[in-house]
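Chemist: here is the input, now give the coordinates:
(chains A, B, C and D)
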Protein chains: 2
Amino acid sequence: MDQCCTPLREGEIDEATARAMAPLLAALADPVRLRIVSILMSAPDGSCCGCDMEKPLGLSQPTISHHLKVLREAGLVEGERQGRWVHYRVVPERLEDIAAALTPQLVSA
Amino acid sequence: MDQCCTPLREGEIDEATARAMAPLLAALADPVRLRIVSILMSAPDGSCCGCDMEKPLGLSQPTISHHLKVLREAGLVEGERQGRWVHYRVVPERLEDIAAALTPQLVSA
DNA sequence: TCGATACATAGACGTTTGTCAATGTATTCG
DNA sequence: CGAATACATTGACAAACGTCTATGTATCGA
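Modeler: As a prediction, the model looks like this:
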C-alpha cells in the first residue's frame, strides 16, 4: 500500500495564501501585542497613543514602538499623527479577516 | 498635560490571558502549519496521516513531525494511532476559540 | 525473526524575534 | 531660539524558531 489515507481532494489553501495569512496571525501571536490591541479596542474613543501604554504594559518606549510597528505593517493597526501624539486604532476588518479565515471552512466541512 | 488620551477604562485583557492566547495564535502563524490544518480540514474524512503530507508540503518527514507536534501541543490538532499510522485531525473548538476571541469585542465595542 | 515503513527525537545551524539603551526626528510651548 | 515631550530608528544580544541529517522506536508483513 502506498497511500494510507484516501487521496487528498482539492480545496487546501495554496502556499501563497498561507504565506499571506501567516504574518497576520504572527502579528497577533504575542502577549504584548494582544494587550495593545485590547487596550486600543477598550479605549473610550477607540484609540490611544503610545505614551499611555508604557505604564500598563510595563515596557520601554522603544519596545512599544516596535510592537506598534509590527501591528501597523500587518495592517492590524493604523496611526494618525495629531500634533505631538500619534493616535493608534485597530483596523477591525483585519481582525474579521482572521476570524473569517478560521471559521468558514468549518461550515463547508 | 500629563495624559494625551482620555484615561483607559477597564476591560483590557490581563497579562495572563494574553500569555495564554498568544501560543494558540503562534501555532497557526506559520505557512506550513496553516497548510497542514487546511489539508486536514479538506481531507475527505477530516483526518490524514503525516506520510501523505510530505509530498504536497515538500518538506522532510522530521520537519512535518515537528510542526504536527507544535499543533498538537497547542491543542489545535489531535493524533490517534491506527496501526502503523497516526491519523491527525483538527480540533474545531480551538479554531473557534481563536475566532471568538477576535470578534466579540467588536460587538460590544 | 527480519526487513520495511511511519513516526518521533536529538543535535546542529542559520534566521528571526523581543527587549533594551542610546540616539535621532518632529512637534509644542515659553 | 531653546527646552521638553512623543515617537521612531539603530545597534546589540539572548532566546526562540524552522529546517535539516542522523538516529531511535514501534508496527506491520513476509
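Chemist: so what does residue A:29 have for phi and psi?
Modeler: phi -80, psi 50 (degrees, to the nearest 10).
Chemist: verify the stated contact: residue A:96 with residue B:103.
Modeler: Yes: with contacts defined as Cβ atoms under 8 Å, residue A:96 counts as touching residue B:103 at a distance of 6.9 Å. Heads up, the C-betas are built off the backbone N, CA and C, glycines and all.
Chemist: dump the residue contacts of residue A:89.
Modeler: A:40, A:46-48, A:77-78, A:80 (Cβ atoms under 8 Å, 6 or more residues apart in numbering or on different chains).
Chemist: so who does residue A:32 touch?
Modeler: For residue A:32, the residues meeting the contact criterion (Cβ under 8 Å, 6+ apart) are A:57, A:59, A:63-64, A:67, B:18.
Chemist: ok so, going back, going through the contacts of residue A:89, which ones are buried?
Modeler: The neighbour count (16 or more other Cβ atoms under 10 Å in any protein chain shown) marks A:40, A:47-48, A:77-78 as buried among these.
Chemist: cross those residues against strands and list the overlap.
Modeler: Of the buried ones among the contacts of residue A:89, the ones assigned to strands by DSSP state E are A:47-48, A:77-78.
Chemist: those residues: which two are farthest apart?
Modeler: A:48 and A:78 (12.3 Å; Cβ to Cβ).
Chemist: find the residues that touch each one of these two.
Modeler: Contacts common to residue A:48 and residue A:78, judged by Cβ under 8 Å, 6+ apart, are A:88-89.
Chemist: which parts of chain A sit against DNA strand C?
Modeler: A:2, A:4, A:26, A:29-30, A:32, A:59-63, A:66-67, A:70, A:81, A:83-84 (Cβ under 7 Å from any atom of the strand).
Chemist: run the last query once more with 6 Å
Modeler: Counting by Cβ under 6 Å from any atom of the strand, the positions of chain A adjacent to DNA strand C are A:4, A:26, A:30, A:32, A:59-60, A:62-63, A:66-67, A:70, A:83-84.
Chemist: which one of the residues you listed sits in the busiest neighbourhood?
Modeler: Taking other Cβ atoms under 10 Å in any protein chain shown to define a neighbour, the member of the residues of chain A next to DNA strand C with the most is residue A:67, carrying 22 neighbours.
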